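K.L.:
this one's structure only:
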């Protein structure tokens, strides 16, 4: 059985971490290791993590002085032993068949190593993962269904406009990070869009699948990174500059930015 490495970075989200780790324990596929990276938290992250480490040897805990989300993920990837990488944020969940069905589908592409299989996703409000939503905050839709058959040119065209899925939707081949590199430590948001742009530039193809209980569930709460529009706007510019994108090619990534931009134009026309 192939080993899957689940990497969970955590910065001051100890109150959510237990639910995330419980979703790992409930996986129908059991040959996994889970690496919890404490990114300099000042809350009870360490206590929660060590409780699981003491209960199950498949959990591994590492502490680093706060360096940010990308650096935390990179540390986990660097010590991971699995052939596949499942990234999971500390406030999110994965359904019980997420690992098993994703791994099973890779068998259909055994002669093509540059495939990234990803699952569906849903949002849930902070209070209950039992009530799932398609739309995120500000009516954002964070998911596009891409298929292997769409071809490289078509997928490249799409990813210049927007990130196609959340980071925990995919089960990444570990070799991918050797081929295209790790997360960009200079990005404090939209680092997943940057990663997926580099994937498609490296001729990787994305392939969506849906089966029961395979989704990643994204928590909506006021402390989420995606609630900081200033952070998104700043990194939006960095990603576009890095990949030589034009604003009109990627305007959907930052809808509030576009709205403010259009309001400025409208106000100028009134003068």
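P.N.:
Perfect, thanks for sending it. Just so it is clear, the structure is predicted and the values come from calculations on it, not from any experiment. Residues are numbered from 1 along each chain as shown.
K.L.:
pick out the residue nearest the middle of this protein.
P.N.:
In the chain, the centroid-proximal residue (C-alpha atoms, centre = their mean) is residue 167; its distance is 1.5 Å.
K.L.:
name the nearest residue to residue 106, ignoring sequence neighbours.
P.N.:
Spatially, and ignoring its direct neighbours in sequence, residue 106 is nearest to residue 117 (5.8 Å; C-beta to C-beta, 6 or more residues apart in numbering). The way it works is simple: take the backbone N, C-alpha and C, and place the C-beta from them, glycine included.
K.L.:
partner strands of the helix or strand that contains the one you found, parallel or antiparallel?
P.N.:
Of the helices and strands defined by DSSP states H and E, residue 117 is found in strand 115-118. Applying DSSP bridges, strand 115-118 is found paired with strand 170-173 (antiparallel), strand 205-208 (parallel).
K.L.:
so for residue 12, which of those strands sits nearest?
P.N.:
Residue 12 lies closest to strand 170-173 among the strands paired with strand 115-118, at 25.4 Å (C-beta to C-beta).
K.L.:
now residue 88: how far from residue 201?
P.N.:
Going from residue 88 to residue 201 by C-beta to C-beta, to the nearest Å gives 25 Å.
K.L.:
so these two - more neighbours on which side?
P.N.:
Of the pair residue 88 and residue 201, residue 88 is the one with more neighbours under other C-beta atoms under 10 Å, namely 21 against 12.
K.L.:
that one: what's it in contact with?
P.N.:
With contact taken as C-beta atoms under 8 Å, 6 or more residues apart in numbering, residue 88 is in contact with 6-8, 20, 24, 94, 168, 216.
K.L.:
shaky segments in the protein?
P.N.:
Across the chain, the ranges flagged by pLDDT under 70 are 111, 127, 132-142, 221-228, 247-271.
K.L.:
try it again at 50.
P.N.:
The chain contains residues with pLDDT under 50 at 227, 251-271.
K.L.:
how about the strands in it?
P.N.:
Secondary structure of the chain (DSSP state E): strands located at 4-10, 32-39, 59-64, 84-87, 93-94, 115-118, 121-125, 132-133, 170-173, 205-208, 216-220.
K.L.:
I'd like these as TSV, with distance to residue 148 and mean neighbour count appended.
P.N.:
Listed next are these as TSV, based on distance: least, C-beta to C-beta, whole Å; neighbours: other C-beta atoms under 10 Å:
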stretch	distance to residue 148	mean neighbour count
strand 4-10	21	26
strand 32-39	25	24
strand 59-64	33	17
strand 84-87	17	24
strand 93-94	23	25
strand 115-118	7	23
strand 121-125	19	19
strand 132-133	27	13
strand 170-173	14	24
strand 205-208	4	22
strand 216-220	20	22
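K.L.:
need the helices for the chain, in chain order.
P.N.:
14-25, 45-55, 69-79, 98-106, 152-159, 175-180, 191-201, 229-242, 247-250, 255-270 (DSSP state H).
K.L.:
buried set for the fourth one?
P.N.:
Think helix 98-106. 98-103, 105-106 (16 or more other C-beta atoms under 10 Å).
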